[in-house]
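Peer 1: the following comprises the amino acid sequence and a computationally predicted model.
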2 protein chains.
Amino acid sequence: MNILIVYAHPEPRSLNGALKSKMVEHLQVEGHEVQVSDLYAMNWKAVLDKNDMLSRDDSQPFHPSLDSKYAYETGTQSRDISAEQEKLMWADTVIFQFPLWWFSMPAIMQGWIERVYAYGFAYGFGEHSDRHWGDRYGEGNLSGKRALLVVTTGGWESHYSERGVNGPIDDILFPIQHGVLFYPGFEVLPPFIVYRAGKTDGTRFEQICSDLFQRLDTLDSTPAIPYLRQNGGAYAIPSLTLKDDVNPAVIGFSAHISGFKDKH
Amino acid sequence: MNILIVYAHPEPRSLNGALKSKMVEHLQVEGHEVQVSDLYAMNWKAVLDKNDMLSRDDSQPFHPSLDSKYAYETGTQSRDISAEQEKLMWADTVIFQFPLWWFSMPAIMQGWIERVYAYGFAYGFGEHSDRHWGDRYGEGNLSGKRALLVVTTGGWESHYSERGVNGPIDDILFPIQHGVLFYPGFEVLPPFIVYRAGKTDGTRFEQICSDLFQRLDTLDSTPAIPYLRQNGGAYAIPSLTLKDDVNPAVIGFSAHISGFKDKH
């Protein structure tokens, strides 16, 4: 299949750099077509601003979403933005690889999302009625595609466990997996996490690669996280709150996973 | 008191721009000293890279945290970074104001955190023993200071409620409030949120300002979110998981708030 890797790390001679190279090599050997958006190497412009729109009326206030809509519709987006949109449309699966910095994506990748996710491309369309509230959260321009996060952390696995001090890794990643990926239609696979990335010797690196390759070999068969579809009947419209009989005991992020069983 | 506003919006003629101006004016009238880091106006460099370190051995791989430690200790950080660190040390209260973009801070502010939060300044110090695991989560270089988020969203308040489709706003902001602010020592005040920011007429703007001013007038008396201190006895060390008798029914982000009562 066609696989796009969106990758953010400033140093090729790093664990992330090595994993990215191994991943590309493995996927190509397995017969996939691979493109890599290496954001640091591309010197990706991280900051969304009016320079992203090549033909706008500078006398008017800059409106990030409405200006992006106009530029998308009129083909006047900055060329680096439309090139990434084309890669997304080409891909069957998109892998986002990054070190977790301050419990989020690095700024350069956050800026990739902000700029590439134009109004009309990633959000802002679809019927709004009493049964449908836009094509999002399970529907949208990127539906039919799969997404996978490959993330490294400095902290220990226990620090990211259900009662670990950093908060559970699934909750930390929810704004990305649900809010950034499921939103425009991706099916989101369970993430691949490397904890204590700073403590990686040669033996451990081999094991990490082996585990990662297994995930790469099952990209099309791994069950996606069963997030509830916004327009599938689980949510009241337009409040977009879960109906009382859906995961009735649950509040918080986990409530948006189909059939989630509250553990307590 | 001394108040630093770290502000990110690309357009001064926006709701965020107007709120920022009103906030500065109000705080000054009330007798506070105010500094503003207007990240877009400053053309803030969003991307952490080796150019942030003015004196490093370029033959060696760039290591984001260890290189930042060396630059901080040797006074060889980029001048824009040390200037922001000085503002943080000067401030009694820091207000972070931004529109919520894709459930996170704009990239330019994420990059402010990444670059200003140097190893040795915001993390990476303090005793590591069986009773103390670094000066963090309630201790650290910024302890004694208070922080407040002022955030606008396009979505409705119900979409960010306990069972709203976006997830609860308190959980969406946890990686920032707990992971970015409480981590280096800030006391974190409950956030000030403006929902449906795109639907703000003159009457509503006056009400928003009035509500915001009330928050500004009570910065020193508003109770902070009672996050549990990492080294205060609630966590096992070094696993950094909550002890069984601390919020025993709770998993997830809320478990890290003192005396949190599970609602279900």
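Peer 2: Great, that's in hand.
Peer 1: sec struct for the most centrally placed residue in chain A, please.
Peer 2: Geometric centre of chain A, nearest residue: A:Leu181, 4.3 Å, by CA atoms, centre = their mean. Assigned by DSSP: H, G, I helix; E, B strand; the rest coil, the conformation of A:Leu181 is helix.
Peer 1: residues contacting it?
Peer 2: Counting by CB atoms under 8 Å, 6 or more residues apart in numbering or on different chains, A:Leu181 touches A:Ala147, A:Val188. (Glycine included, C-beta is placed from N, CA and C.)
Peer 1: hang on, A:Asp57 in a strand?
Peer 2: No - counting by three-state DSSP, A:Asp57 is not found in a strand; it is coil.
Peer 1: tell me how many other residues crowd it.
Peer 2: A:Asp57 has 9 neighbouring residues, counting by other CB atoms under 10 Å in any protein chain shown.
Peer 1: check A:Gly31 too.
Peer 2: Residues contacting A:Gly31 under the criterion other CB under 10 Å number 7.
Peer 1: check the gap between it and A:Met1 for me.
Peer 2: Noted for A:Gly31: a distance of 9 Å to A:Met1, by CB to CB, to the nearest Å.
Peer 1: same deal with A:Phe98?
Peer 2: For A:Phe98, the distance to A:Met1 equals 22 Å [CB to CB].
Peer 1: swap in A:Asp135?
Peer 2: Here the criterion is CB to CB. By it, A:Asp135 lies 24 Å from A:Met1.
Peer 1: more neighbours, those two?
Peer 2: More neighbours surround A:Asp135 than the other of A:Asp135 and A:Met1, with 19 against 15 (other CB under 10 Å).
Peer 1: excluding covalently adjacent residues, which one is nearest to the more buried one?
Peer 2: With CB to CB, 6 or more residues apart in numbering or on different chains as the measure, A:Gly126 is the residue that lies nearest to A:Asp135, at 3.1 Å, once sequence neighbours are left out.
Peer 1: can I assume the one you found sits in a strand?
Peer 2: No - looking at A:Gly126 with three-state DSSP, it is coil, so not inside a strand.
Peer 1: quick one: low-confidence ranges for chain A?
Peer 2: In the predicted model, chain A carries pLDDT under 70 at residues A:261-264.
Peer 1: what ranges do the helices span in it?
Peer 2: Using DSSP state H, the helices of chain A run over A:15-29, A:64-74, A:79-90, A:107-116, A:169-176, A:202-217.
Peer 1: determine which stretch of those helices is the most buried.
Peer 2: helix A:107-116 (a mean of 25; mean count of other CB atoms under 10 Å in any protein chain shown).
Peer 1: got the angle for it vs helix A:79-90?
Peer 2: Helix A:107-116 runs at 80 degrees relative to helix A:79-90, counting by axes from the mean of the first three to the mean of the last three CA atoms, to 10 degrees.
Peer 1: quick one, what contacts A:Ser258?
Peer 2: Neighbour list for A:Ser258: A:Pro226, A:Tyr227, A:Leu228 [criterion: CB under 8 Å, 6+ apart].
Peer 1: redo the helices of chain A as TSV? Include distance to B:Gly164.
Peer 2: As requested, the helices of chain A are exported to TSV (distance: least, CB to CB, whole Å):
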stretch	distance to B:Gly164
helix A:15-29	34
helix A:64-74	20
helix A:79-90	27
helix A:107-116	21
helix A:169-176	13
helix A:202-217	32
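Peer 1: pretty sure the residue nearest to A:Asp135 sits against A:Tyr137.
Peer 2: No - using CB atoms under 8 Å as the test, A:Gly126 is too far from A:Tyr137 to be in contact (10.7 Å).
Peer 1: of the two, who's got more company?
Peer 2: A:Tyr137 (24 against 15).
Peer 1: next, count neighbours for the closest residue to the more buried one other than its chain neighbours.
Peer 2: Nearest-residue entry for A:Tyr137: A:Gln230, 3.6 Å, with adjacent residues in sequence omitted and distances by CB to CB, 6+ apart. Applying other CB under 10 Å, we find 23 residues neighbouring A:Gln230.
Peer 1: repeat that for the one 10 residues further on.
Peer 2: Around A:Leu240 there are 22 other residues, counting by other CB under 10 Å.
Peer 1: ok, and the closest non-adjacent residue to it?
Peer 2: Of all residues not flanking A:Leu240 in the chain, B:Val165 sits nearest, at 4.1 Å (CB to CB, 6+ apart).
Peer 1: enumerate every residue touching that neighbour.
Peer 2: Contacts of B:Val165 by CB under 8 Å, 6+ apart are A:Tyr137, A:Gln230, A:Tyr235, A:Leu240, A:Thr241, A:Leu242, A:His256, B:His159.
Peer 1: so which of the helices of chain A is nearest B:Met109?
Peer 2: helix A:107-116 (8.2 Å; CB to CB).
Peer 1: what angle separates that closest one from helix A:64-74?
Peer 2: Using the same axes, to 10 degrees: helix A:107-116 against helix A:64-74 is 60 degrees.
Peer 1: is any residue of helix A:107-116 near chain B?
Peer 2: Yes - under the criterion of CB under 8 Å from any CB of the partner chain, chain B is reached by helix A:107-116 at A:Ala107, A:Ile108, A:Gln110, A:Gly111, A:Ile113, A:Glu114.
Peer 1: re the thing from before, ok, the residue nearest to the centre of chain A to A:Leu19 distance?
Peer 2: When distance is defined by CB to CB, A:Leu181 is 20 Å away from A:Leu19.
Peer 1: please apply the same query to A:Gly198.
Peer 2: 14 Å.
Peer 1: same question, A:Met105
Peer 2: Separation of A:Met105 from A:Leu19 (CB to CB): 16 Å.
Peer 1: check A:Glu187 too.
Peer 2: Note on A:Glu187: its distance to A:Leu19, by CB to CB, is 23 Å.
Peer 1: alright, I will stop here.
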